[in-house]
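Q: Sequence below, structure please.
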Amino acid sequence: MSRPREVFLPSQFPGGNGPPVSRVRSTLLSASLQGLRMMGWEKRYYDALPPALHHEIRALIAGVWLPVDLAVAHYTACDRMELSTDEIKEMGKAVSMRTQKTFVGTLGSVAAGAGATPWSIYIHGHRIWNRIFDGGDMVIYKLGPKDMDVVCSGCALFKIRYLRMAMTTYYSAIVNLVAKSVHCRELADASRENEISLRISWV
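A: I've put the predicted structure just below:
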């Protein structure tokens, strides 16, 4: 039996009919590439990436918008590396740590405040989302005082296994700013095409 839930952060668009993601912030890919280098996987990555894209990926700079097709190619190459679940989670955590300052921004000061909770951060979920993606949407549901469902939609990247797994760690790391322990998993039976549904609980 499904748990009752209330809308905490509604869709940005009437009826939830927003445009699909057309661009992704290069900072996300740059952080991912830095993580691959630190883990010693750069050669494996470029072996999995189409040669025609090597120069474009190597020339990436942070802070610009990139077409979503390039992001799809990047994360598809990551997926082809066939990393273990633990390796993907480690990468997701590393990317989150590198991008929190850029994407979460001044919300870090909220996390440092007395009595702050994950709700204090995720009330600004659309601001965080729009710094990463151009298009798409996020809706957050409250299941209990320390339980939420996060539904992200309208992004072709969510077809990629690697990114879906990394997303669980990425969102866990944000909650970890104000929680001692976090559990995040994909609700695979609830996700649809170009969408991911995550359940996050914390103490």
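Q: Return the residues in contact with the residue nearest the centre of the chain.
A: Nearest to the geometric centre of the chain sits M167, at 4.4 Å (C-alpha atoms, centre = their mean). Residues in contact with M167 (C-beta atoms under 8 Å, 6 or more residues apart in numbering) are 92, 152, 186, 196, 198. (Glycine included, C-beta is placed from N, CA and C.)
Q: how near is the nearest residue to Q34 once chain neighbours are set aside to G135?
A: Among residues not flanking Q34 along the chain, R98 sits closest, at 6.4 Å (C-beta to C-beta, 6 or more residues apart in numbering). With the distance defined as C-beta to C-beta, to the nearest Å, R98 ends up 23 Å from G135.
Q: Would you map the strands across the protein?
A: Under the criterion DSSP state E, the chain contains strands at 6-9, 23-25, 65-67, 133-134, 137-144, 147-153, 182-186, 195-202.
Q: now what about the second one, what contacts it?
A: Spelled out, that is strand 23-25. Here strand 23-25 makes contact (C-beta under 8 Å, 6+ apart) with 63-68, 70-71, 102-103, 131-135, 157.
Q: Run a quick neighbour tally on I160.
A: The number of residues packed near I160 is 20, by other C-beta atoms under 10 Å.
Q: okay but it is in contact with T76, surely?
A: Yes - counting by C-beta atoms under 8 Å, I160 touches T76, with 5.9 Å between them.
Q: Was I right to think A31 contacts K93?
A: No - contact criterion C-beta under 8 Å: A31 and K93 do not qualify, at 11.2 Å.
Q: Give the buried residues for stretch 121-134.
A: Using 16 or more other C-beta atoms under 10 Å as the test for burial, stretch 121-134 gives 121-122, 125-126, 128-134.
Q: In contact with T76, which residues?
A: For T76, the contacting residues are I160, by C-beta under 8 Å, 6+ apart.
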